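**Student:** Fold the stuff below for me.
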Amino acid sequence: MSLSVIVLAAGQGTRMNSRLPKVLQPLAGRPMLAHVLDTCAALGAGGVHVVIGHGADEVREAFADSEVTWVDQTEQLGTGHAVAQALPGCTDDDIVVVLYGDVPLVRPGTLKQLVAAARADHLAVLTAKLDDPSGYGRIVRDKRRRVIRIVEEKDASESEREISEINTGLIACPVRLLRKWVSQLSANNAQKEYYLTDVIGMAVRDGLNVQATQATSKNETLGINDRRQLAEVEAVLRRRNAEALLDAGVTLIDPARVDVRGTLVCGRDVTVDVNVVFEGEVKLDDNVVIGPNCYIRDSQIEQDSVVHANTLIDSAHIGPRCNIGPFARVRPETYLGSEARIGNFVEVKKSAIGKGSKVSHLTYIGDATIGANTNVGAGTITCNYDGVNKHRTKIGSDAFIGSGVELVAPVEVGDGATIGAGSTITKDAPDGKLTVSRSRQTTIDGWKRPEKKAK
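**Tutor:** Modelled structure (predicted):
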């Protein structure tokens, strides 16, 4: 039997108080639904059918590159009705798993157990035991502990509400059986909706055993309906990611204060200090040290490099044994060669800085190429923008740029050249020579500062 997945993602999420559809709410830097689709991929599902309703066009657009089948639920008439919209796309010989777009933490291993329980013509349901089951449907068992039905809280009796085992909503079942039962659903309940959970009673009626498998952690089954629950799930993901990093040998100074909002791949003996955010695809090679309060996005940092406190690195490639920060900003399309130094309050954009070169203090380098072993003094600016177009600055190897220099692009500074402090360079500076461009210093005798006139 092949495996299909139906993901129910049509809800509006009114308690979010947001213009975004609920499944597009950001969770660990990505739409909530993206985490569910990752789980589908890990299951090896042959077909993924996503039922959408509120904000359907926005959801489709956000996942335009995903290999899923979109199913429109124009009226939200309950979970059973949603599944009925997707079942025509499933083959009778398949096993189908029903997931929810707002339940993003369930692990693939848990679902594989659920699928295994359904393979012998069984209906399998994922349950969990909660200290406070309020808001969830309850699992009703007979005296022999067999599952006989699920009752929604609004329809439950007082004794049924005391049951601590809850329905997560996640089920696995042969398609041919689920198709039959869904077609028999009724909306005769407090909500006037077609409950998918009613198929449990139908399976019992037809003499089938309902297999209940429990989630390994109650956190797996957390659903998201409001901002508080979103924050709770975010915290769980943060802990999961931190635990995975620790297991891989990464030193986290405080595991509770590291955020991974994407994919972080680390080599051996990496150290990450507190309040660091990784976003997108980030790779840290062996012995990299990340100081506190840093933000790193879509970047690679090679071995033995150190990023000091309060540094931002975005879409850059940092070579080996580099030293960056504190309070540095490395912007997209920047490449640092080995042993380069970017110091405090330095901003670099769309530039290549060669091996061993230093840009140490209070400097802006944009649209530039710098050779090896060049020193750029404090307060230097590459004036790359003329109000319409960007222009490049080229600085050779072994050059020395004095403090307070303005390099007006397009301009080239040769190998071994020296630029005197305070110069404004508008023409190419030749190799191996000192170039200075300053107005003559003048002292005016008898000059007095203006004084405020008394009122």
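
**Student:** contacting residues for K22?
**Tutor:** G11, Q12, G13, M16, M32, H54, G101, D102, I224, N225 (CB atoms under 8 Å, 6 or more residues apart in numbering). Every residue, glycine included, has its C-beta placed from N, CA and C.

**Student:** Show me how to select, in PyMOL, the buried members of those.
**Tutor:** Entered in PyMOL, the line below selects the buried ones among those, by 16 or more other CB atoms under 10 Å:
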select buried, resi 11+13+16+32+54+101+102+224
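
**Student:** Which stretches in the stretch 151-300 of the chain count as helices?
**Tutor:** 158-161, 175-182, 198-205, 227-247 (DSSP state H, counting those that start in this stretch).

**Student:** Take those helices and write them to TSV, including mean pLDDT and distance to S134.
**Tutor:** Putting the helices of the stretch 151-300 of the chain into TSV (pLDDT from 0 to 100; distance: least, CB to CB, whole Å) gives the following:
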stretch	mean pLDDT	distance to S134
helix 158-161	90	8
helix 175-182	94	28
helix 198-205	90	21
helix 227-247	96	13
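
**Student:** okay if I get the ones you listed as CSV plus mean neighbour count and distance to K218?
**Tutor:** Supplementary listing: those in CSV, determined by neighbours: other CB atoms under 10 Å; distance: least, CB to CB, whole Å:
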stretch, mean neighbour count, distance to K218
helix 158-161, 11, 18
helix 175-182, 20, 26
helix 198-205, 20, 21
helix 227-247, 15, 10
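
**Student:** who wins for proximity to G109 among these?
**Tutor:** Counting by CB to CB, G109 lies closest to helix 227-247 out of the helices of the stretch 151-300 of the chain; the figure is 13.1 Å.

**Student:** who does the closest one touch, helix- and strand-wise?
**Tutor:** strand 26-27, strand 251-252, strand 258-266 (3 or more CB pairs under 8 Å, 6 or more residues apart in numbering; DSSP states H and E).

**Student:** any idea how far R261 is from the residue lying closest to D286 once chain neighbours are set aside?
**Tutor:** In space, and not counting its chain neighbours, D286 is closest to G267: 3.8 Å by CB to CB, 6 or more residues apart in numbering. Remark: distance between G267 and R261 (CB to CB, to the nearest Å) = 20 Å.

**Student:** so where is the protein shaky, pLDDT-wise?
**Tutor:** 1 (pLDDT under 70).

**Student:** please redo it, this time with the cut-off set to 50
**Tutor:** Within the chain, no stretch has pLDDT under 50.

**Student:** how's it carved up into domains?
**Tutor:** 3-221, 227-435 (automatic domain parsing).

**Student:** Output those domains as TSV; include the columns distance to R449.
**Tutor:** TSV is the format used below for the domains of the chain (distance: least, CB to CB, whole Å):
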stretch	distance to R449
domain 3-221	55
domain 227-435	24
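
**Student:** which one of those lies closest to Q441?
**Tutor:** Comparing the domains of the chain against Q441 with CB to CB, the closest turns out to be domain 227-435 (10.1 Å).

**Student:** Centre of the chain to that closest one, how far?
**Tutor:** Relative to the chain's own centre, domain 227-435 is displaced by 22 Å; criterion: CA atoms, centre = their mean, to the nearest Å.

**Student:** again, but for stretch 432-450
**Tutor:** 54 Å.

**Student:** end-to-end on it?
**Tutor:** 46 Å (CA to CA, to the nearest Å).

**Student:** Also stretch 265-280?
**Tutor:** Stretch 265-280: ends 11 Å apart by CA to CA.

**Student:** How about residues contacting it?
**Tutor:** Residues from elsewhere that reach stretch 265-280 (CB under 8 Å, 6+ apart): 29, 245, 248-254, 257-264, 282-298, 303, 309.

**Student:** What's the PyMOL syntax to select whichever of those are buried?
**Tutor:** In PyMOL syntax, the buried subset of the contacts of stretch 265-280 is picked out as below (16+ other CB under 10 Å):
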select buried, resi 29+245+250+252+257+258+259+260+261+262+264+282+283+284+285+287+288+289+290+291+292+293+294+295+296+297+298+303+309
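
**Student:** Columns distance to K355 on top of the helices and strands packed on helix 227-247, output as JSON lines?
**Tutor:** Formatted as JSON lines, the helices and strands packed on helix 227-247 follow (distance: least, CB to CB, whole Å):
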{"stretch": "strand 26-27", "distance to K355": "39"}
{"stretch": "strand 251-252", "distance to K355": "28"}
{"stretch": "strand 258-266", "distance to K355": "24"}
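
**Student:** Which one, of those, ends up nearest to L87?
**Tutor:** Nearest of these (CB to CB): strand 26-27, 28.0 Å.

**Student:** just checking, next helix/strand downstream of that closest one?
**Tutor:** strand 30-31 (DSSP states H and E).
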